[in-house]
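A.B. asks: Return atomic coordinates for the entry below.
(4 chains)
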2 protein chains.
Amino acid sequence: MATSRTDPLTLEVVELIGTVVARYYEEYEQAAARHALTGAQARVLGLLALDPLPMRHIAQKLRCEPSNITGIVDRLEARGLVERRPDPDDRRVKLAVPTDEGLDTARRLRDSLGFAREPLGELTETERTLLRDLLKRMLGVDVA
Amino acid sequence: MATSRTDPLTLEVVELIGTVVARYYEEYEQAAARHALTGAQARVLGLLALDPLPMRHIAQKLRCEPSNITGIVDRLEARGLVERRPDPDDRRVKLAVPTDEGLDTARRLRDSLGFAREPLGELTETERTLLRDLLKRMLGVDVA
DNA sequence: TATTGTTATACTCTATAACTATA
DNA sequence: TATAGTTATAGAGTATAACAATA
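C.D. replies: The predicted structure follows:
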C-alpha cells in the first residue's frame, strides 16, 4: 500500500511504461512478420519452443479460448513448424510439439528481437541492475 | 553503444519488460472491455480525448492503414462516443471529435486503468523517480 | 457426467487495392 | 495530378455455443 494514486510522478511513470509497451509490442510484431508469422503465431511458437504443451494449456498461457488455438496451430502445422502428437496417457489430449525447423525459427525470432537489448545498451551495468530490481519489485517478484 | 548483447543481466531485464508488457496489455484490454470497447476503439477514443484529429492522423498515430480507422470510428460513432465533423479549411478532411459522453467514457477508462498505478505503489517516491529516469534514458528521452 | 479438442458462427482488426470527392 | 476518406475484399484473431471422442 502506498499513497501513489494520481501524483504527477506516478502518472509520468505510467505514461513512460505505456510508451515502452507500445514500442515493444510494435517491434515484436515486426520481428514476427520478418519470419512471415503473425504475433499470435510467434507467441505460440515461442511458448512451444520452451516446452511442448497440450492445446488447452497453450490457451491458458495465452489467456484465450481453446478454440482459438486450433486455428493458430493449424497454420503453424501447415508451415511445418509444429506437429500435433497424441498423448499416450490420455487419448483426448494432443501435444503441440515444434519441429526442428520450428525450433530454429523460434531461436532466430528470439535473437532478432532487438528491442530492449538495443535501448538497454544506453544503460550502464549498474543501471541495468537497478532497473531489473525495480521492475522485479513492481511485478511483485521476490528480490533476494 | 555498449557491450550489452546477450549477457544474463540484459536478458533478465528483457524478460522482465516482456512480463510488464504482457500484464499492461492484458489489463488495458480488460479495462476497455469493462466499457464495452475493444482495445483499438479504446486507443482511438483515448487519443481523440486529448485532441480531435483528422482520420488520417489517427492512422498515423496508431501506425495502421487509414482504411482501418473508418470502421473503428464508425463503431464509436454508432455508440454516440465520437462525431465526424467537416474541416472548414479542406472539405476532403473529416475531423473525429469525441462527444461529451465520449470524453466521459475516456476519462473513466483512464481512471480505471489500475495497472502501473497499483504496482507502482510498491515503490517509494525515490524509487519511482529512479525508475522514471531509467525508462527515459532507455527510451532516448532527454533527462534534464 | 466431465473433459479435450474441434467445428460453426459472428464480430473485429488488419492490409491491399480501387473508388469518390475534393485540392 | 495528388490527397483524404471510403468501400470492397480477404485473412487472421477472438468469444460463444455445440459437437465427437475419450475419460
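
A.B. asks: List the residue ranges of chain A that fall below the pLDDT cut-off.
C.D. replies: A:1-5, A:114-117, A:144 (pLDDT under 70).

A.B. asks: domains of it?
C.D. replies: Domain assignment for chain A, taken from automatic domain parsing, gives A:21-113, A:114-144.

A.B. asks: Save those domains as JSON lines, and put in mean neighbour count and distance to residue B:51 too.
C.D. replies: C-beta coordinates here come from the backbone N, C-alpha and C atoms, glycine included. Formatted as JSON lines, the domains of chain A follow (neighbours: other Cβ atoms under 10 Å in any protein chain shown; distance: least, Cβ to Cβ, whole Å):
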{"stretch": "domain A:21-113", "mean neighbour count": "16", "distance to residue B:51": "18"}
{"stretch": "domain A:114-144", "mean neighbour count": "16", "distance to residue B:51": "28"}
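
A.B. asks: DNA strand C: which of the ones you listed is closest?
C.D. replies: For DNA strand C, the closest of those is domain A:21-113, at 2.7 Å, according to Cβ to the nearest atom of the strand.

A.B. asks: Any part of the helix or strand containing residue A:70 near DNA strand C?
C.D. replies: Assigned by DSSP states H and E, residue A:70 falls within helix A:66-78. Yes: looking at helix A:66-78 against DNA strand C by Cβ under 7 Å from any atom of the strand, the contacts come from A:66-67, A:69-70, A:73-74.

A.B. asks: got the CA coordinates for that helix in CSV?
C.D. replies: Extracted in CSV, the C-alpha atoms of helix A:66-78 (Å, rounded to 0.1, in the frame of the first residue of the first chain):
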residue,chain,number,x,y,z
PRO,A,66,-9.0,-23.1,-26.5
SER,A,67,-11.0,-22.9,-29.8
ASN,A,68,-8.6,-20.2,-31.0
ILE,A,69,-5.6,-22.3,-30.6
THR,A,70,-6.9,-24.8,-33.1
GLY,A,71,-6.6,-22.3,-35.9
ILE,A,72,-3.2,-20.9,-34.9
VAL,A,73,-1.6,-24.4,-34.5
ASP,A,74,-3.3,-25.4,-37.8
ARG,A,75,-1.4,-22.6,-39.6
LEU,A,76,1.9,-23.4,-37.8
GLU,A,77,1.4,-27.0,-38.7
ALA,A,78,0.7,-26.2,-42.3
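
A.B. asks: Counting by contacts, list what that helix packs against.
C.D. replies: helix A:39-50, helix A:55-62, strand A:82-86 (3 or more Cβ pairs under 8 Å, 6 or more residues apart in numbering or on different chains; DSSP states H and E).

A.B. asks: Now do the same contact list for the residue nearest to the spatial centre of chain A.
C.D. replies: For chain A, the residue nearest the mean C-alpha position is residue A:43 (5.3 Å; Cα atoms, centre = their mean). With contact taken as Cβ atoms under 8 Å, 6 or more residues apart in numbering or on different chains, residue A:43 is in contact with residue A:62.

A.B. asks: what's the answer for residue A:31, then?
C.D. replies: If you count contacts by Cβ under 8 Å, 6+ apart, then residue A:31 has A:42, A:109, A:112-114 around it.

A.B. asks: What angle do helix A:39-50 and the helix of greatest length in chain A make with each other?
C.D. replies: Using DSSP state H, we find that the single longest helix of chain A is helix A:8-34. Here helix A:8-34 runs at an angle of 80 degrees relative to helix A:39-50 (axes from the mean of the first three to the mean of the last three Cα atoms, to 10 degrees).

A.B. asks: didn't residue A:87 look like it was pressed against residue A:94?
C.D. replies: Yes: in this structure, residue A:87 is within contact of residue A:94 by Cβ atoms under 8 Å, at 6.9 Å.

A.B. asks: Need the overlap of contacts for the two.
C.D. replies: Going by Cβ under 8 Å, 6+ apart, residues that sit against residue A:87 and also against residue A:94 are residue A:54.

A.B. asks: so which helix or strand takes in the residue nearest to residue A:16 when sequence neighbours are not counted?
C.D. replies: Closest residue to residue A:16 apart from its sequence neighbours, by Cβ to Cβ, 6 or more residues apart in numbering or on different chains: residue B:135 at 4.2 Å. Secondary structure from DSSP H and E places residue B:135 in helix B:125-138.

A.B. asks: ditto for residue A:96
C.D. replies: Going by DSSP H and E, residue A:96 is part of strand A:94-98.

A.B. asks: Show me what that strand is packed against.
C.D. replies: Strand A:94-98 packs on helix A:39-50, strand A:53-54, helix A:55-62, strand A:82-86, going by 3+ Cβ pairs under 8 Å, 6+ apart.
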